[in-house]
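**Q** Model the following, please.
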Amino acid sequence: MNDPEVSTPLDHADLERSCLGDVSFEKELLAEFLDSSGGMLAALSGAVAASDPTQVHLAAHSLKGCCWTIGARAMGAECEKLEFEARAGGLQGADGMVARIHELAAQLDAYVRRHWGL
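**A** Next up, the predicted model:
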């Protein structure tokens, strides 16, 4: 569906499509993502720490949707991998995937703050 191989942590065309070209809405949506992503990441990490595949699946799915809405393809793709793993009932490699998601989130945060002044 989405190609996780992008040169920046955010695909501007995806973001523009999601916001119907409204630049002020783009900034608002990104600000909301930055405000809420910390809680979503904490929920995901907590679910993995608790070895709860159901909660991992739900948390990864929610975060994936938010990522793809704003065009954070690589982060969304990593969430999708974790979501599928959890849906299958396993959490093999989940710690590494969560670490990668956190890394991608930090890159995205820095990029958005730098380019949108948030």
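**Q** Just give me the longest helix of the chain.
**A** helix 23-49 (DSSP state H).
**Q** Leu118 versus Trp68, what's the distance?
**A** 20 Å (C-beta to C-beta, to the nearest Å). No exception for glycine: its C-beta is placed from N, CA and C like everyone else's.
**Q** do Glu85 as well
**A** From Glu85 over to Leu118 (counting by C-beta to C-beta), the distance is 32 Å.
**Q** In terms of neighbours, single out the busier of those two.
**A** Ranked by neighbour count (other C-beta atoms under 10 Å), Glu85 and Leu118 place Glu85 first, with 19 against 14.
**Q** Which element, helix or strand, includes the more buried one?
**A** Using DSSP states H and E, Glu85 sits in helix 73-87.
**Q** How much space separates Ala47 from Leu91?
**A** Counting by C-beta to C-beta - Ala47 and Leu91 are separated by 9 Å.
**Q** Would you mind telling me which of these two has more residues around it?
**A** Ala47 (23 against 19).
**Q** so who does the more buried one touch?
**A** Gln55, Val56, Leu58, Ala59 (C-beta atoms under 8 Å, 6 or more residues apart in numbering).
**Q** Most neighbours among those, which one?
**A** Most surrounded of these: other C-beta under 10 Å gives Val56, at 28 neighbours.
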